[in-house]
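# Pasting the sequence and the predicted model now:
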Amino acid sequence: AERVVERYKGADLVGRRYRPPFDFFYGKQPNAHQILPADYVTTEDGTGIVHIAPAFGEEDKKVTDAADIQVVMPLTPHAEFTDEVAPYVGMHVFDANKVIIRDLKEAGLLLRHETYDHPYPHCWRCDNPLIQRALSSWFVAVTKFRDRMVELNQEINWVPGHVKDGQFGKWLANAIDWGISRNRYWGSPIPVWRSDNPDYPRVDVYGSLDEIERDFGVRPTDLHRPAVDELVR
């Protein structure tokens, strides 16, 4: 039978360290594996301690960013585990659920196993279930000039007038940095070349075909991948 050993307030636990149930990343990051506070946890939606994974959730990443914890990515783009988690390498995350639960149980770390039903995102093309997965991206730093946009919006004569402080004004006031890169071949090209030679680090941003021709010696007819990948300085 379960027995209450001691009771704590959440604030009493913040900052405490713990050993994770799996050792794959234990001790590899100085700030990881500690109890962190989050202001979106309420008694209405449930409370308590949960494991967070910054590579797989926006709210999780905000919490770990504030604590200077780096993202780890043990999944391939096909949602299969990498060799960083050797016992499950090559296994799809959904297929791994039962195996992980079994291993936790065998290690004596499983308190209770329950199933929760909730809506889940699916691909509108192929109807496969989707996961959130962090990607390295380019952003426009909208938050740096958001306040100025809010000011200038007041000078615009909107028709109908309620849009100024309504739909558009609220959108401006809550604008976030704008992700402009995509990991797709058919996206709009971003004309940034970054050196892959650590002895000569540099980033060049090109503004015209003339500039590309000047530095690469060829004038491309297609700025999309994979054609543009052939341009090497």
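Perfect, thanks for sending it. Numbers count the residues shown, from 1 in each chain.
# Pull the contacting residues for Gln34.
Neighbouring residues of Gln34 by Cβ atoms under 8 Å, 6 or more residues apart in numbering: Gly15, Arg16, Arg17, Tyr18, Ala67. All C-beta atoms are positioned from the backbone trio N, CA, C, and that covers glycine.
# same thing but at 7 Å, please
Contact analysis of Gln34 by Cβ atoms under 7 Å, 6 or more residues apart in numbering lists Gly15, Arg16, Arg17.
# count of neighbours near the second one?
Arg16: 11 surrounding residues under other Cβ atoms under 10 Å.
# Now do the phi/psi pair for the residue nearest to it when sequence neighbours are not counted.
Of all residues not flanking Arg16 in the chain, Ile35 sits nearest, at 4.9 Å (Cβ to Cβ, 6 or more residues apart in numbering). Note on Ile35: its backbone torsions stand at phi -80, psi 120 [degrees, to the nearest 10].
# Now do the same for Ile35: its pLDDT.
Predicted confidence (pLDDT) for Ile35: 93.
# is it true that it touches Leu13?
Yes - using Cβ atoms under 7 Å, Ile35 makes contact with Leu13 at a distance of 4.8 Å.
# What are the buried residues along stretch 180-187?
Within stretch 180-187, no residue counts as buried by 16 or more other Cβ atoms under 10 Å.
# tally of neighbours for Val142?
Counted by other Cβ under 10 Å, the residues lying close to Val142 total 13.
# Could you check how many residues crowd around the residue nearest to Lys28 when sequence neighbours are not counted?
With sequence-adjacent residues excluded and distances taken as Cβ to Cβ, 6+ apart, Lys28 is closest to Val72, at 7.9 Å. Residues lying near Val72 (other Cβ under 10 Å) number 18.
# Is it correct that Val72 is in contact with Phe25?
Yes - in this structure Val72 lies within contact range of Phe25 using Cβ under 7 Å: 5.6 Å.
# so the most centrally placed residue in the chain, which of the three states?
Geometric centre of the chain, nearest residue: Ala134, 3.4 Å, by Cα atoms, centre = their mean. Under DSSP: H, G, I helix; E, B strand; the rest coil, Ala134 falls in the coil class.
# Look up how far Ile180 lies from it.
Going from Ala134 to Ile180 by Cβ to Cβ, to the nearest Å gives 17 Å.
# got it, and Met149?
17 Å.
# Phe168 now?
Using Cβ to Cβ, Phe168 is found at 21 Å from Ile180.
# cool, Asp147 as well?
Asp147 is 21 Å from Ile180, where distance means Cβ to Cβ.
# before we move on, the earlier item: ok, the residue nearest to Arg16 - how many residues close by?
Count around Ile35 with other Cβ under 10 Å applied: 13.
# Tyr26 now?
Tyr26, neighbours per other Cβ under 10 Å, totals 13.
# In the longest helix anywhere in the chain, which residues are buried?
Longest helix in the chain by number of residues (criterion: DSSP state H): helix 93-106. Within helix 93-106, the residues that count as buried by 16+ other Cβ under 10 Å are Val93, Ala96, Ile100, Asp103.
# what number of residues lie near the nearest residue to Val203 once chain neighbours are set aside?
Computed as Cβ to Cβ, 6+ apart, the closest residue to Val203 that is not its neighbour in sequence is Arg194, at 5.0 Å. Arg194: 9 surrounding residues under other Cβ under 10 Å.
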